[in-house]
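In: coords please:
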Amino acid sequence: MNAAHILLVAIEFTIVLGIMVLVHEFGHFAMAKLCGVRVETFSIGFGPRIIGIKRGDTDYRLSLLPLGGYVKMAGDNDNPAERRLDEGIDLHGADRPHDPAEFNARPRWQRVLIALAGPFANFILSLFLLTLVGMFHHTVDEYLDGPAVVDYVPTKSGAAAIGIAAGDTLTVYGDTKNPTWTDVLNNSALNLNRDLAVSWRHNGEAHSGTIRSLSGGDDQQPDPSKMLPAIGLIPREQAGPIGVYSVAAGTPAERAGLLAGDQLSRINDFAPHSVAALLAYLQDEAGKPSTLTVLRSGQTLQLPIVPEKLDNGTGSVAYRIGFTNKPSPAKIVHLPFFAAVQESFKDNLDDSRQIFKTLKSLVIRHVSVKALSGPVGIAQEIDMATQFGIWTVLRVMSMISINLGIFNLLPMPLLDGGMIIFLLWESIIRRDVSIVVKERVYQVAFVCLIMFAVFVLFNDITKLHIHH
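Out: Numbers count the residues shown, from 1 in each chain. Modelled structure (predicted):
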């Protein structure tokens, strides 16, 4: 990576993060104004003021460090001598009337709304971005509307038990003849834990049987990505081999010599046409030494490899080899507005659910904290997205925005969630928590947050691995 590319990545990162911060802080700002709180500073970035303009009571500024931002409201000061108690007496004991435009003078429920408004703005932004994507660039995998050709059948699955094999084509599934993979998914979702009639062609011969539809997870929230593997029907997603987009550092793929731009045509005697098929095959092989057949610049290479159990960063540990694939062929459709909003809401709900699963896995130590990404990792994701185009960038921005919203709602001091917890507790005990206690908690939290930021940054740097 040359200096020009590094500069370009830095610019991309600054723009994307700037938009996220702008929206988050505008949420706080707008709600504060609605609640009658005087806003003294609206800053994108931290540290010394670079440029800005003052309108009314507010200084709108751009500050030196573009790694966040803040809204400073009247009366919400870090200096304890400037804070006021509910009785209108400052810490020095001097009587001082409340200014109703100060943050701490407003009712606690209004302060809770102000704290919630920042994360809520991030959720709205994410919903808006994915609605745009749905309306103008909704991608649908091409294989979903094609014949239901099976790419791989896990050995212990229901499909394997009735004799379905890789390369077979489904001719009946449930009540649908000559089904597409969309038909298979829909029939499965509508008949969870029920036996469905299935017919297929194997080497030109017709076969039939019954197969049980399984969700692969929570039956109340069936996951389409897990449903077909749970049944044992893994679709053929493309005609050709799997394209390698990037190779992760310190993985079997890197040690075997796999490179970005390679095409993975076989592993041992199996020719996968999707990552799902490859993963299912790796689980059946349970880490046995294997040989990859790779196409590179017109040459065919044989690469010995030993798969390992790896974490994909969301708590899913399975045998993997450690690369990111190029997307399967897809077509673009334009969803009507309400359908796009519905799809956006669903995708955001799925993303949020995955974030909470990851947080839970971190807490119970099913996922290493080394899986976390900081500024460097996020910058790499943004740079990767720009190579696929603006719509992929919007998708990544949506994910960053919803991550930012959820992160700020965590019940930790210095975050919006921490402020909300303090306010709720004060409402329960019907008095303010001692300012001295608050300051000690915030000081400890600040040190912990800095240490965490340094750890994540160091972790990012150690994972930094650029492929050409």
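
In: what ranges does the protein have for its helices?
Out: 3-34, 108-137, 158-161, 181-190, 224-231, 252-256, 275-285, 337-363, 375-386, 390-408, 416-429, 435-463 (DSSP state H).

In: would you turn these into a markdown table with distance to Glu102, mean pLDDT and mean neighbour count?
Out: Every residue, glycine included, has its C-beta placed from N, CA and C. Conversion of the helices of the chain to a markdown table gives the following (distance: least, CB to CB, whole Å; pLDDT from 0 to 100; neighbours: other CB atoms under 10 Å):
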| stretch | distance to Glu102 | mean pLDDT | mean neighbour count |
| --- | --- | --- | --- |
| helix 3-34 | 11 | 90 | 17 |
| helix 108-137 | 11 | 95 | 21 |
| helix 158-161 | 65 | 95 | 18 |
| helix 181-190 | 54 | 90 | 19 |
| helix 224-231 | 50 | 84 | 19 |
| helix 252-256 | 56 | 95 | 21 |
| helix 275-285 | 55 | 95 | 20 |
| helix 337-363 | 34 | 87 | 15 |
| helix 375-386 | 34 | 85 | 18 |
| helix 390-408 | 23 | 93 | 20 |
| helix 416-429 | 15 | 91 | 16 |
| helix 435-463 | 15 | 81 | 13 |
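
In: in TSV, list these along with distance to Leu144.
Out: As requested, those are exported to TSV (distance: least, CB to CB, whole Å):
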stretch	distance to Leu144
helix 3-34	30
helix 108-137	16
helix 158-161	18
helix 181-190	5
helix 224-231	10
helix 252-256	28
helix 275-285	13
helix 337-363	15
helix 375-386	23
helix 390-408	19
helix 416-429	39
helix 435-463	34
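
In: so which of those helices is nearest Lys331?
Out: Between Lys331 and these, the shortest gap by CB to CB is with helix 108-137, which sits at 10.8 Å.

In: helix 390-408 and the closest one, what's the angle between them?
Out: Counting by axes from the mean of the first three to the mean of the last three CA atoms, to 10 degrees, helix 108-137 points 160 degrees away from the direction of helix 390-408.

In: shouldn't Ser427 be in contact with Pro107?
Out: No. In this structure, Ser427 sits apart from Pro107 without contact. The criterion is CB atoms under 8 Å, and the distance is 9.6 Å.

In: circling back to that earlier point, out of the helices of the chain, flag the one nearest Thr171.
Out: Closest of these to Thr171 is helix 181-190, at 11.7 Å (criterion: CB to CB).

In: got the contact list for that closest one?
Out: Contact with helix 181-190 is made by 143-146, 148, 170, 173-176, 179, 196, 213-214, 222, 224, 227-228, 231, 233, 235, as judged by CB atoms under 8 Å, 6 or more residues apart in numbering.

In: got a quick ChimeraX command for the buried subset of the residues you listed?
Out: With 16 or more other CB atoms under 10 Å as the burial test, the buried ones among these are selected in ChimeraX as follows:
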select :143,144,148,170,173,174,176,179,196,213,214,222,227,228,231,233,235
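
In: quick check: closest non-adjacent residue to the residue nearest in space to the middle of the chain.
Out: The C-alpha lying nearest the average C-alpha coordinate of the chain belongs to Met399 (CA atoms, centre = their mean; 4.8 Å). Closest residue in space to Met399, ignoring its immediate chain neighbours: Asp351 at 6.0 Å, by CB to CB, 6 or more residues apart in numbering.

In: how near is the residue nearest to the centre of the chain to His28?
Out: When CB to CB, to the nearest Å is the yardstick, Met399 and His28 sit 22 Å from each other.

In: which stretches of the stretch 201-350 of the chain have low pLDDT?
Out: For the stretch 201-350 of the chain, residues meeting the criterion pLDDT under 70 lie at 217-224, 312-315.

In: in it, which spans are strands?
Out: For the stretch 201-350 of the chain, strands defined by DSSP state E, counting those that start in this stretch occupy the ranges 205-212, 234-235, 242-247, 263-267, 290-296, 299-305, 308-311, 317-320, 323-325, 330-333.

In: any chance of the ones you listed in TSV, plus distance to Val437?
Out: Conversion of these to TSV gives the following (distance: least, CB to CB, whole Å):
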stretch	distance to Val437
strand 205-212	58
strand 234-235	56
strand 242-247	48
strand 263-267	58
strand 290-296	59
strand 299-305	56
strand 308-311	39
strand 317-320	41
strand 323-325	47
strand 330-333	55
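
In: any idea which of those gets closest to Arg111?
Out: Distance to Arg111, taken as CB to CB, is lowest for strand 308-311 among the strands of the stretch 201-350 of the chain, at 39.4 Å.

In: partner strands of that closest one and their direction?
Out: strand 317-320 (antiparallel) (DSSP bridges).

In: the partner strand: which residues count as buried?
Out: By 16+ other CB under 10 Å, the buried positions in strand 317-320 come out as 319-320.

In: out of the strands of the stretch 201-350 of the chain, flag the one nearest Ser434.
Out: strand 308-311 (42.6 Å).

In: can you pull the buried residues of that closest one?
Out: By neighbour count with 16+ other CB under 10 Å, strand 308-311 contains the buried residues 310-311.

In: now do that strand: distance to the chain's middle.
Out: 20 Å (CA atoms, centre = their mean, to the nearest Å).

In: same thing with stretch 176-185?
Out: For stretch 176-185, the distance to the chain centre is 30 Å (CA atoms, centre = their mean).

In: you'd agree Asn325 is up against Ile242?
Out: Yes. Applying CB under 8 Å, one finds Asn325 in contact with Ile242, separated by 5.3 Å.

In: common neighbours of the two, please.
Out: Counting by CB under 8 Å, 6+ apart, the residues touching both Asn325 and Ile242 are Val275.

In: so which of those two has more stuff around it?
Out: Between Asn325 and Ile242, counted using other CB atoms under 10 Å, the more crowded position is Ile242 (23 against 15).
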